[in-house]
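In: What would the 3D arrangement of this be:
(4 chains)
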There are 2 protein chains.
Amino acid sequence: MTHTTGARSGRWLTPYELATWRAFIETAEQLRNVLGARLREDSGLSEGDYAVLLALSEAEGRRLRSSALAAHIDWERSRLSHHLGRMERRGLIAREECEDDNRGAEVVATAEGMSAFRRATVPHLRAVRELFLDALTPEQLDAVAEITAVLRDRLPPRP
Amino acid sequence: MTHTTGARSGRWLTPYELATWRAFIETAEQLRNVLGARLREDSGLSEGDYAVLLALSEAEGRRLRSSALAAHIDWERSRLSHHLGRMERRGLIAREECEDDNRGAEVVATAEGMSAFRRATVPHLRAVRELFLDALTPEQLDAVAEITAVLRDRLPPRP
DNA sequence: GCGATATGATTGACGTGTCAATCAGCGAAG
DNA sequence: CTTCGCTGATTGACACGTCAATCATATCGC
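Out: Now for the predicted structure:
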């Protein structure tokens, strides 16, 4: 079934349009879920944990200001705060006071956190290759890049 | 930047591959979030509420067995149970006992639930058109359909 | 210096999702 | 008929996310 099957830019959605929309959203979500489950099995980390530890692992001294970390991974500050609380309880990161600004907090990856992150990396990237990259031809990968770019352009800017 | 820029099917991910992967996942999630926020503004419903009410609205007598509903929208049973509890509290659905099987429960959309659903439908479909369909050429829409199909084929089957 | 305001970060309340455990009713084996 | 297992559905514990409120510290205007 292709776009030649029905009228397209009218006011209402054709079954094909609706199905394609749903397929897009649901496939992305299922991929996320499968990757997340594998990550958890391999390393005990969630996707959020992985994102935080990745950012910290790339930072000077494995540490970042909380606000810089939030900006880097594009999370809301309160989301990060809650998540860091959970990660701290599990010993993956630690919070330290900031020297030059007493309001600020610095987040540091612990040895345990870095260890879990290293354990996660290779299987995680392998899973991305297997479930996503290997499924697509080079042309399809380019199409994904192009399509996500035009979709992003339409998205309202985020505060 | 295209696939001609670097080696592609080696063991590790190129920056292009990684960026395209991330763009795919993040764009889909941002789209979901924006659509969900609009839905909430327009009708006070969440995406979950919408999915449940859509299924009920298409069912005989606006009612379904709980298990049939779960299968229809592809949700885990416990997820549905929790969600129905919240929807029931808000008066969007009601649960009734099933006549032929005393274990079973039937879920019915209330008048209030159907009203909210009708209020949601048009703006929701319009948002899908604006943010997704109108952003893509017919060829790009076909590409999405094709790409999601091949990705789904790789996904492990769900229990 | 001091008061108003802005900024960094946390908190509480609540909706959402998963997993494992539970419970009640149904139905077949004996 | 009763016991055992299967099925429909719910529950509790907990992870995750958002929103609005809060709190402490910095900083600006005077």
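In: going forward, measure contacts and count neighbours with C-alpha atoms only.
Out: OK.
In: Quick one: name the residues of chain A near DNA strand D.
Out: A:46-49, A:75-76, A:78-79, A:82-83, A:86-87, A:100-103 (Cα under 7 Å from any atom of the strand).
In: repeat that for 6 Å
Out: Within reach of DNA strand D by Cα under 6 Å from any atom of the strand, chain A has these residues: A:Ser46, A:Gly48, A:Glu76, A:Ser78, A:Arg79, A:His83, A:Arg86, A:Asp101, A:Asn102, A:Arg103.
In: Report the buried members of the residues you listed.
Out: A:Ser46, A:Gly48 (16 or more other Cα atoms under 10 Å in any protein chain shown).
In: where in chain A is pLDDT low?
Out: Applying pLDDT under 70 to chain A picks out residues A:1-10, A:159.
In: quick one: A:Ala127 and A:Leu35 touch, right?
Out: Yes - A:Ala127 lies in contact with A:Leu35 (Cα atoms under 8 Å); the separation is 6.8 Å.
In: neighbouring contacts of stretch A:145-159?
Out: The list of residues contacting stretch A:145-159 from outside it, by Cα atoms under 8 Å, 6 or more residues apart in numbering or on different chains, reads B:Thr20, B:Ala23, B:Phe24, B:Thr27, B:Gln30, B:Leu31, B:Val34, B:Leu131, B:Phe132, B:Ala135, B:Leu136, B:Gln140.
In: what about stretch A:24-35, near DNA strand C?
Out: No - using Cα under 6 Å from any atom of the strand, stretch A:24-35 never reaches DNA strand C; the gap is at least 7.4 Å.
In: For that stretch, buried residues please.
Out: By 16+ other Cα under 10 Å, the buried positions in stretch A:24-35 come out as A:Phe24, A:Ile25, A:Glu26, A:Thr27, A:Ala28, A:Glu29, A:Gln30, A:Leu31, A:Arg32, A:Leu35.
In: ok, of those, which one's closest to B:Glu58?
Out: The nearest member of those to B:Glu58, counting by Cα to Cα, is A:Glu26 at 20.6 Å.
In: Just want the angle from the helix or strand encompassing the closest one to helix B:15-43.
Out: Assigned by DSSP states H and E, A:Glu26 falls within helix A:15-43. Counting by axes from the mean of the first three to the mean of the last three Cα atoms, to 10 degrees, helix A:15-43 points 120 degrees away from the direction of helix B:15-43.
In: For helix A:15-43, name the packing helices and strands.
Out: Using 3 or more Cα pairs under 8 Å, 6 or more residues apart in numbering or on different chains; DSSP states H and E as the contact test, the elements touching helix A:15-43 are helix A:111-131, helix B:15-43, helix B:138-154.
In: that older thread, looking at the buried residues of stretch A:24-35, which is nearest DNA strand D?
Out: Nearest to DNA strand D among the buried residues of stretch A:24-35 is A:Arg32, at 10.8 Å by Cα to the nearest atom of the strand.
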